[in-house]
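Visitor: Build me a structure from this.
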Amino acid sequence: MTRRTYSTILPFPRTFAECPFPPLYRCKDCFTTELYCKHCTVEKHREIPLHRIEYWNNGYFSHATLKFLGLRIQLGHACGECCYNPSPAFHDNFVVLDINGVHEVALDFCACQLAQSHAIQLLRTQWYPSTITAPQSAATFRLLHHFHILSFESKVSAFEYWQLLACLTNNTGDRYEALLRMIKQWQNITLLKWSGLGHDPASIHAAMPDACALLCDACLQPGKNMPDDWQTAPPEVRWKFALFLAIDANFCLARKNVSSDVVDPGLSRGWSYFVEDCEFKSFLNDAGMLPQEKSMCASHSAVNLADTKNAHGLAATGVGTVDCARHNLKRPCAVGDLQKGERYVNMDYLLFSTLQHTRDIVVLNISYDIACQWSKHIWKCMSSYPSAIHFDCTDKKVVFLVPKFHLPAHIDACQIGFLYNLVKAPEWGWANINPVATSTREMGPGSRRDTLDDHFGDFNWKKVSNFGISLLRRIKTAIPECDVHVRDFEDFNQMLSHEQLNEPNPFEITSKPMSQAAVRLSLSQKEASDLEHGVNNSLHSDISPSILISSGMDYEDQHVHATDLQLVKFQERSNTLQCKIAQWCTIQLLYFPSVAHLRSSDIKSSIDSTQEEKPTDINLWLPSQIRRETLLPCNDSFSKYEWDLRHAQAFDALDDLHWHLRLRTHLYKFKDAQIRSQRANTCAGIIIKNVEINVSVAAERYRRAWNTLSALAPSLARDVWTTELPKLEEGDIRGMGDSTFGESSRNHTLSWIWKARGVATAGMEGEAVLLEALRVKWCRSRAHANQWVEEVELLLEEMRPSGNRQDGWQIQNYDIEGSREDHNTAGMMLSDVRQACRRVKYLRHL
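Guide: Purely as a prediction, here's the structure:
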């Protein structure tokens, strides 16, 4: 930088036809850094009069202006052409704002007989005048366009932009108010131009309320992009032609009680997204004094605190909107101010106002975070509103829903009746507009509405122009998810028989799964039946084979529990357990004589060991352990006894695992919602830790049963048992609502432990059973599968008009404007044709 600043010091290069005058001036904005004389500098900048000049001032460069050098700018004539009747600007002091700073220029208007007004002369130079009469300042078109785009992307305010221009010009001058006025007018003119209304012969006063709103291309618009036979479509297909609306409020977009509509009127009068302000306020004055009905659901602050919300110093506490719920675009005439919280009357007006533009739609899906309460009397309230906003719903299907983001705050009845997954949460769109809140909070009412309208339009355009990418990305995601969830539901559904599905309530609980106690009872009854028929397999008067195996399994469970849970009075209980095991081992020798050799080896090993043998270290040598660790023979009847008991033990372990997982989920939710203090959090953490231990114990119990079954299966020729009792991995131990990494509520898959056949079908007669929580999860699994199927069909329907049927209605306005013969100038026609070509280019991009 230092080299660039001082590299052009003497000796001065001779350029510009070897001018004899000393080169003391250079331009900061030109490509080269050569020095020129005063006259040459002026001549070089006659067509670029807004460059910044520096001159060599005895050792350093100082700031200078082209006005100081003698450059005069003549309007109304071509550059270099002489005007015979020039008219200097007021006091010969004119200021031009450009992206490189604030410039004082010597400006001459043309005062010839056929000269245009001063404002027209400035506009033809692509300078926007600050006023129509006697303008003293202007902004270049490129500055206004630069700020326009910059405000969309970085949300910079006009004040911050003015501060930038002032810093580039030594912090001199004050044209902030003039810049505000020019920006406001530029935004409005650009909006009308982009909407095809800039050259309407009927003038902008004949514009329809939604004339400047950018509609959602993917949503179906009657008479524009819907199939010709959509009205005669069968009911099972008509749902694809539904309109999805989302109602929400944003309290970040508040406005202070400054200025007024008289001082700061809006230039857009309901042409875009904000409703027409005069009609809206008149409606609120007539119907807005009705008391707010309290919520009968959860304690919704939006409802119950609407009349008590602090609005001190605020003219608007926020804005309410009605959005396209599928694609998160702002709807036309669907935004309005909230004077005191989220009152029903405000939201009613916004909904009925935007529905006036879609009267032909026969299926409406309306989501609202408090729809359960708000929808109760919506049609009754509409009858008391002005007829201009009435909506005929007699032949229409209207469904009220609650977005899943807000659903957990509702009571259970609302969560069942208002669940919805096909829409996005409307809060997503606020992330783009919330950064503007810091500047719009200080604006007057008209400027704020125009600014927000402008940003909403830019947001809609970005969404619409990106449909080709976003819809393709969504369909690529939806098709695999559809396949996964359909297969997941089909696997889940196989546990139910067709007879059950035909019952009035096929998921009603009628029996319990086969438990260990039931298996023990069954084996005891079988042994009693054998005794009646003269068959006695018992070698002990009190201990039968089934009792021997089941009591051995009980001792095995006590091994684990005593070690894992660190029971109180561990030594006393260990002594008792050791005595019981010793008695059990004595009886075991009657049924398993070969165990005596194994037992003697264990005793020899314990004698050689220096540590005292604990009861938890004693091998019980049940049939499964004998088959797994030795080559000794084992009676198959004893193996069958253990198989039945282990099979039931696995189901009992799964049942315990389900119960503890549900308890853990409930405790976590309760802790997040209710627990606040450090002491209470510590106590809750201890309780949750104990539940986690119980989860681990139940999982380990299932794994022991599974390992035993895997050891017994080859000798008993049991091959398909793993289909109903798979191996339990750590990732499988999760609650019904818990997701693995990368899963959301839409692509959530259920762990197999909640779909195991033994959970739903077990018992003496194979009667199907489904627990309450499992029944709910079956419904959710079915809903997820259907939702992804519907998502694919909706996306295919949305992509069809976006790619094929949009050309006609989207460019119709521009083509009509461009083909008129009564245009005043060729520029009007060229502007319209350019807009039409831009639209065609966008459609081809899709």
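
Visitor: Tell me the spacing between G468 and L220.
Guide: 18 Å (C-beta to C-beta, to the nearest Å). All C-beta spots, glycine's among them, are computed from the backbone N, C-alpha and C.

Visitor: Compare the two (neighbour count), which wins?
Guide: The residue with the greater number of neighbours, taking G468 and L220 and applying other C-beta atoms under 10 Å, is L220; the counts read 20 against 17.

Visitor: What backbone torsions are found at that one?
Guide: Backbone torsions of L220, given as degrees, to the nearest 10, read phi -80, psi 130.

Visitor: ok, the nearest residue to it once chain neighbours are set aside - how many residues close by?
Guide: With C-beta to C-beta, 6 or more residues apart in numbering as the criterion, L220 has its nearest non-adjacent residue at 4.8 Å, and that residue is M226. Other residues near M226 number 18, with proximity taken as other C-beta under 10 Å.

Visitor: measure M226 to E798 for me?
Guide: Taking C-beta to C-beta as the criterion, M226 is separated from E798 by 12 Å.

Visitor: Per-residue pLDDT of the residue nearest to L220, please?
Guide: The score at M226 is 76. That number is its pLDDT.

Visitor: What of Y273?
Guide: Model confidence at Y273, expressed as pLDDT, equals 93.

Visitor: Quick one: residues contacting it.
Guide: Under the criterion of C-beta atoms under 8 Å, 6 or more residues apart in numbering, the neighbours of Y273 are A213, T321, K330, R331, P332, C333, A334, V335, L452, D453, F456, G457.

Visitor: Kindly report the same for E490.
Guide: Taking C-beta under 8 Å, 6+ apart, one finds nothing in contact with E490.

Visitor: So it belongs to a strand, correct?
Guide: No: secondary structure of E490, determined by DSSP: H, G, I helix; E, B strand; the rest coil: helix, with no strand assignment.

Visitor: Just the pLDDT for it.
Guide: In the predicted model, E490 carries a pLDDT score of 83.

Visitor: Make residue 1 into 17 and carry on from there
Guide: OK, 17 is where the count begins now, so the last one is E506.

Visitor: Pull up the gap between it and I769, please.
Guide: Here E506 is placed at a distance of 18 Å from I769 (C-beta to C-beta).

Visitor: same question, A733
Guide: With C-beta to C-beta as the criterion, A733 and I769 are 27 Å apart.

Visitor: Those two - which one has more neighbours?
Guide: Set side by side, A733 and I769 give different neighbour counts by other C-beta under 10 Å, the larger being at I769 (21 against 6).

Visitor: Please verify my assumption that the more buried one contacts H674.
Guide: Yes: taking contacts as C-beta atoms under 8 Å, I769 lies within contact range of H674: 7.2 Å.

Visitor: Enumerate every residue touching Q203.
Guide: If you count contacts by C-beta under 8 Å, 6+ apart, Q203 has them with H164, D466, T467, D470.

Visitor: How much space separates it from V274?
Guide: For Q203 relative to V274 (C-beta to C-beta), the value is 20 Å.

Visitor: can you check A700 too?
Guide: Plainly put, A700 is 48 Å away from V274 if you go by C-beta to C-beta.

Visitor: next one: C235
Guide: For C235, the distance to V274 (C-beta to C-beta) stands at 37 Å.

Visitor: Which of those two has more residues huddled nearby?
Guide: Neighbours per residue (other C-beta under 10 Å) separate C235 from V274, with C235 holding more: 23 against 15.

Visitor: can you pull the contacts of the closest residue to that one other than its chain neighbours?
Guide: The spatial neighbour of C235 that comes closest, neighbours along the chain excluded (C-beta to C-beta, 6+ apart), is C340 at 5.5 Å. For C340, the residues meeting the contact criterion (C-beta under 8 Å, 6+ apart) are C232, C235, F260, L261, A262, K346, R347.

Visitor: any idea which of those residues is closest to T370?
Guide: Each of those was checked against T370 using C-beta to C-beta; the closest is R347, at 4.5 Å.

Visitor: So which elements touch the host helix or strand of the closest one?
Guide: Element membership for R347 (DSSP states H and E) is strand 345-354. Using 3 or more C-beta pairs under 8 Å, 6 or more residues apart in numbering; DSSP states H and E as the contact criterion, the elements in contact with strand 345-354 are strand 330-332, strand 334-340, helix 360-371, helix 461-481.

Visitor: Could you rerun that using 6 Å?
Guide: strand 334-340, helix 360-371, helix 461-481 (3 or more C-beta pairs under 6 Å, 6 or more residues apart in numbering; DSSP states H and E).

Visitor: model confidence over it, on average?
Guide: The pLDDT scores in strand 345-354 average 91.

Visitor: That strand: which residues count as buried?
Guide: Along strand 345-354, these residues count as buried under the neighbour rule (16 or more other C-beta atoms under 10 Å): L345, K346, R347, P348, C349, A350, V351, G352, D353, L354.

Visitor: Pull the contacting residues for the last one.
Guide: For L354, the residues meeting the contact criterion (C-beta atoms under 6 Å, 6 or more residues apart in numbering) are T333, G334, G336, N362.

Visitor: So what's the predicted local confidence for the second one?
Guide: G334 is assigned a predicted lDDT (pLDDT) of 91.

Visitor: Is it bridged to anything, and to what?
Guide: Residues in a beta bridge with G334, per DSSP bridges, are L354.

Visitor: And it, how far from I449?
Guide: Distance, G334 to I449, using C-beta to C-beta: 12 Å.
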